[in-house]
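Novice: Predicted coordinates and the sequence they were generated for:
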Amino acid sequence: MYARIEETEFQGAPVLTVATRDGAQATIALNGGQVIHWQPAGGHPWLYLSERACLDGSSAIRGGIPVCFPQFAEQGPLPKHGLVRTRPWRLIEQRSESDLVMLTLGIGSDRETEALWPHAFDLELTLGVGANRLDVELAVSNVGESALSFTAALHTYLQVHEVELARLEGLKGKPYQDKRDGGTIKVEHLDALVVDDAVDRIYTDTRRPLRLLDGGRTLSIVHEQFPDTVVWNPWVEGAATLGDMPDRDFRHMLCVEAAVAASPVTLAPDESWWGRQSLIDERL
Ligand SMILES: O=P(O)(O)OC[C@H]1O[C@H](O)[C@H](O)[C@@H](O)[C@@H]1O
């Protein structure tokens, strides 16, 4: 039996569902080009998706792995997190073997994006689903005639049993911009970050793998070419302002985002850039 890729609907919106022979699963929403579910073979889901998430493209999907491009957060004049997380992406290519599924989705600039941001771009998001891993690679090409600069993120919402009991390792010694303290630059001194309050930080130069320990399971998080890691949890007050997330769900999610946020990437005409985030369940 081979892996399966199906085009179907979830809450009335177009999605692709993927299953490998050994039982790993993923679901990808075409609106936003967004992975909304990933479960390693024989394991539990590692991505948080709000039960109030809206998938019809009218707003961003709260959960999974939103793609932020060409602007991270509010770091510029564009809509928060840029232009592609609510737009329809298309399936460009699919490939499956028994234990690996690869999909490439794409989106390009159009009249609407160029009215907001006068650059011609082409994005490809390649997803690899294997027994115990999910690889997400974002490739950006400048297909216009002038240079463009962007910031970006794979805004990964990880699902945790209880956020105060989860530990995020690998950030010790790294500088971070504390967005909750006016962007003050601080240095992480903890061996493992434990989130017990609102957190919104851009850690820079985070090139070594991270590990998330959550209730007896461990996830390795490996970023290639994404120099920064954003850690975000809205906590009680922040969650109360999010209409698309139940109040108590902040306890069951932690965003650990592969980002290029502290300094933009600049591409000359015909140049490309790529960055990858790999999530690896260490149980297998
Ligand atoms: O609510 P959203 O627009 O999806 O943004 C959610 C969060 O994304 C990032 O993690 C930013 O660092 C936060 O400042 C922001 O609040």
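Specialist: Looks like it came in fine.

Novice: For residue 91, give its distance to residue 14.
Specialist: Note on residue 91: its distance to residue 14, by Cβ to Cβ, to the nearest Å, is 10 Å. Every residue, glycine included, has its C-beta placed from N, CA and C.

Novice: tell me, what's touching those two both at once?
Specialist: Common neighbours of residue 91 and residue 14 are listed as 7, 30 (criterion: Cβ atoms under 8 Å, 6 or more residues apart in numbering).

Novice: Quick one: residues in contact with stretch 202-219.
Specialist: 43-44, 46, 158, 160-162, 165-171, 174-177, 179, 188, 192, 220-223, 227-231, 254, 256, 259, 261-262, 279-283.

Novice: Now the protein against the ligand: closest residue?
Specialist: The minimum distance from the chain to the ligand, using Cβ to the nearest ligand atom, falls at residue 232 (3.3 Å).

Novice: Let me know the helix or strand that that residue is in.
Specialist: Using DSSP states H and E, residue 232 sits in strand 228-233.

Novice: Check the average confidence over that strand, would you?
Specialist: The average pLDDT within strand 228-233 is 98.

Novice: Partner strands of that strand, with direction?
Specialist: Applying DSSP bridges, strand 228-233 is found paired with strand 199-203 (antiparallel), strand 253-267 (antiparallel).

Novice: Kindly export it (C-alpha atoms) in CSV.
Specialist: Taking Å, rounded to 0.1, in the frame of the first residue of the first chain, the C-alpha atoms of strand 228-233 are listed here in CSV:
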residue,chain,number,x,y,z
ASP,A,228,15.7,33.7,14.2
THR,A,229,13.2,31.9,16.4
VAL,A,230,10.1,33.6,17.7
VAL,A,231,8.4,32.3,20.8
TRP,A,232,4.9,33.4,21.5
ASN,A,233,2.1,32.6,23.9
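
Novice: For that strand, what is the distance to the chain centroid?
Specialist: Centre-to-centre, strand 228-233 and its host chain are 11 Å apart (Cα atoms, centre = their mean, to the nearest Å).

Novice: again, but for stretch 190-209
Specialist: Offset of stretch 190-209 from its chain centre (Cα atoms, centre = their mean): 16 Å.

Novice: How about stretch 51-62?
Specialist: Remark: stretch 51-62 is offset 15 Å from the chain centroid, using Cα atoms, centre = their mean.

Novice: Name the residues that touch that stretch?
Specialist: 10-13, 15, 29, 31-32, 34, 36, 49-50, 63-64, 66, 81, 85-88, 157, 242-246.

Novice: mind redoing it with 7 Å?
Specialist: 10-13, 29, 31-32, 34, 36, 50, 63, 66, 81, 85-86, 88, 242, 244-246 (Cβ atoms under 7 Å, 6 or more residues apart in numbering).

Novice: Can you narrow those residues down to the ones near the ligand?
Specialist: Contacts with the ligand within the contacts of stretch 51-62, counted by Cβ under 6 Å from any ligand atom: residue 81.

Novice: and the contacts of stretch 51-62, which are buried?
Specialist: 10, 13, 29, 31-32, 34, 36, 50, 63, 66, 81, 85-86, 245 (16 or more other Cβ atoms under 10 Å).

Novice: ok, back up a step: so can I have TSV of the strands paired with strand 228-233 showing distance to residue 74, mean pLDDT and mean neighbour count?
Specialist: Listed next are the strands paired with strand 228-233 as TSV, based on distance: least, Cβ to Cβ, whole Å; pLDDT from 0 to 100; neighbours: other Cβ atoms under 10 Å:
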stretch	distance to residue 74	mean pLDDT	mean neighbour count
strand 199-203	11	98	22
strand 253-267	11	98	21
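
Novice: Those strands: which one's closest to residue 153?
Specialist: Each of the strands paired with strand 228-233 has some distance to residue 153 by Cβ to Cβ; the shortest is strand 253-267, at 3.9 Å.

Novice: chain center to that closest one, what's the gap?
Specialist: Its chain's C-alpha centre and that of strand 253-267 lie 10 Å apart, by Cα atoms, centre = their mean.

Novice: Tabulate the strands paired with strand 228-233 (TSV), appending distance to the ligand.
Specialist: Compiled in TSV, these are given as follows (distance: least, Cβ to the nearest ligand atom, whole Å):
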stretch	distance to the ligand
strand 199-203	5
strand 253-267	5
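
Novice: As TSV, those with distance to residue 98 would be great.
Specialist: Below are those laid out as TSV (distance: least, Cβ to Cβ, whole Å):
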stretch	distance to residue 98
strand 199-203	38
strand 253-267	28
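
Novice: Any chance you could note which residues of the stretch 51-200 of the chain sit beside the ligand?
Specialist: Counting by Cβ under 6 Å from any ligand atom, the stretch 51-200 of the chain sits next to the ligand at 60, 73, 80, 81, 155, 179, 200.
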